[in-house]
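K.L.:
predicted coordinates and the sequence they were generated for:
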Amino acid sequence: MKRGYPTSPSNSSASGPPKSRLKYTPEGEADFSNDFVQRVADHYSARTNQTLEEREASPIIHLKKLNNWIKSVLVQQYTTKGDAVLDLACGKGGDLIKWDKAKAGYYVGIDIAEGSMEDCRTRYNGDADHHQRRKKFTFPARLICGDCFELQLDEVLADDAPFDIVSCQFALHYSWSTEARARRALANISALLRPGGTFIGTMPDANVIIKKLREAEGLAYGNSVYWVRFEEEFSQKKFKSSSPYGIKYYFHLEDAVDCPEWIVPFHVFKALAEEYEFDLIFVKNNHEFVLENMKKPENVELMRRLGALGDGNQDLSTLSPDEWEVAYLYLAFVLKKRGQPDRMPVKSKRDKGKMHLEKEDIMYISSEV
Ligand SMILES: C[S@@+](CC[C@H](N)C(=O)[O-])C[C@H]1O[C@@H](n2cnc3c(N)ncnc32)[C@H](O)[C@@H]1O
């Protein structure tokens, strides 16, 4: 084997169907989808905040900085001062500073991973931010722990909506395990966004993931920092257009991800989004997104500050070819909710959040039936 990625389930920590918590559908067919949801939640929950030293020593530190740059460019470009923001699958709140810089007026973050929500809370309070300067944020916030691709969020957030902008960064593919979850994700976003509101996101680029699978000798490929592995059921490397959901693969990214993910064929995503009142503004592979946005001087300066390519000065380290290959696995998109803007005054929404969040302020919602 040329590379360090597994070729059989026994080699992987993210391998084989789980044996526990098997749920049966009303029709009597075994349904493993909730086990995988739990596995994703457990994986992210277990990843605790890193110290500055640990973060800088990461084998993908420049990729992390590049991804932050991509998200910053999206946030800056599509946020207006005072906007109410819904950050779906917000993780540890790594984008809080971006929303602050964009002068957001209100922030609601939701994630399924309990550990990440606690990290997000402390980061918001400015208590435990190891790798960013400690600061208080200027907008009030609310944090919710739950499955945002299962819960009916328009009920949960009835008093907070409508939002001006919804962001779902590096996470929407976790909704694509079943059609019901993919629809729930889009129905939630559509119900919570105001007419004319914006939905920004990043997720794996299915075209690239499948192109690389077809170029690979077996069912796995990767480089020194990542691997992707499909299971035997996809040994023909063919995917029926009639079954665009539940196409599972395992993804490992050093120091970041190790869990099952699902292919999101973008044309299906776009068509489904149209059903939920969205129009596509753009979709771009992250390579194209970087190259295009680096034509603007302000983005070049931001890239220098974030250090994804080194600082061009003393710091001669830069993004490795292997990290750049990982960037190619992702795309960025922007959708707009149809209808005429009808902005609610921000002040009414600000009352729902707090400027300091105690543990009890995190709302935990179970989607168990
Ligand atoms: C790669 S991380 C991205 C986190 C954050 N958006 C960022 O860009 O830093 C993916 C996140 O999706 C969250 N996630 C996965 N499935 C979810 C679900 N069903 N509901 C809510 N969050 C989910 C994970 O817990 C994790 O925090």
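P.N.:
Cool, the structure landed.

K.L.:
going forward, measure contacts between C-alpha atoms and count neighbours the same way
P.N.:
OK.

K.L.:
can you pull the buried residues of the helix or strand encompassing Trp99?
P.N.:
Using DSSP states H and E, Trp99 maps to helix 96-101. For helix 96-101, a neighbour-count test (16 or more other C-alpha atoms under 10 Å) marks Leu96, Ile97, Lys98, Trp99, Asp100 as buried.

K.L.:
now the closest residue to Val40 other than its chain neighbours: how far from Asp42?
P.N.:
Excluding the flanking residues, the one nearest Val40 by C-alpha to C-alpha, 6 or more residues apart in numbering is Cys259, at 6.0 Å. Separation of Cys259 from Asp42 (C-alpha to C-alpha, to the nearest Å): 10 Å.

K.L.:
so the two - more neighbours on which side?
P.N.:
More neighbours surround Cys259 than the other of Cys259 and Asp42, with 22 against 16 (other C-alpha atoms under 10 Å).

K.L.:
mind listing what's buried along the host helix or strand of that one?
P.N.:
Per DSSP H and E: Cys259 is located in strand 257-262. Within strand 257-262, the residues scored as buried using 16+ other C-alpha under 10 Å are Asp258, Cys259, Pro260, Glu261, Trp262.

K.L.:
name the helices or strands packed onto it?
P.N.:
helix 33-46, strand 248-253 (3 or more C-alpha pairs under 8 Å, 6 or more residues apart in numbering; DSSP states H and E).

K.L.:
elements contacting the last one?
P.N.:
With contacts defined as 3+ C-alpha pairs under 8 Å, 6+ apart, strand 248-253 has these neighbours: strand 226-230, strand 257-262.

K.L.:
list the residues that contact the residue nearest to Ser320 when sequence neighbours are not counted.
P.N.:
The shortest distance from Ser320 to any non-neighbouring residue, by C-alpha to C-alpha, 6+ apart, is to His62 (7.8 Å). By C-alpha atoms under 8 Å, 6 or more residues apart in numbering, the residues touching His62 are Gly307, Ala308, Leu309, Thr318, Leu319, Ser320, Glu323.

K.L.:
and His62, that's in a helix?
P.N.:
Yes: per DSSP: H, G, I helix; E, B strand; the rest coil, His62 lies within a helix segment.

K.L.:
what sits opposite the residue nearest to Val40 in the beta ladder?
P.N.:
Applying DSSP bridges to Cys259 gives these bridge partners: Phe251.

K.L.:
show me what contacts it?
P.N.:
Ala14, Arg39, Val40, His43, Tyr250, Phe251, His252 are the contacts of Cys259 under C-alpha under 8 Å, 6+ apart.
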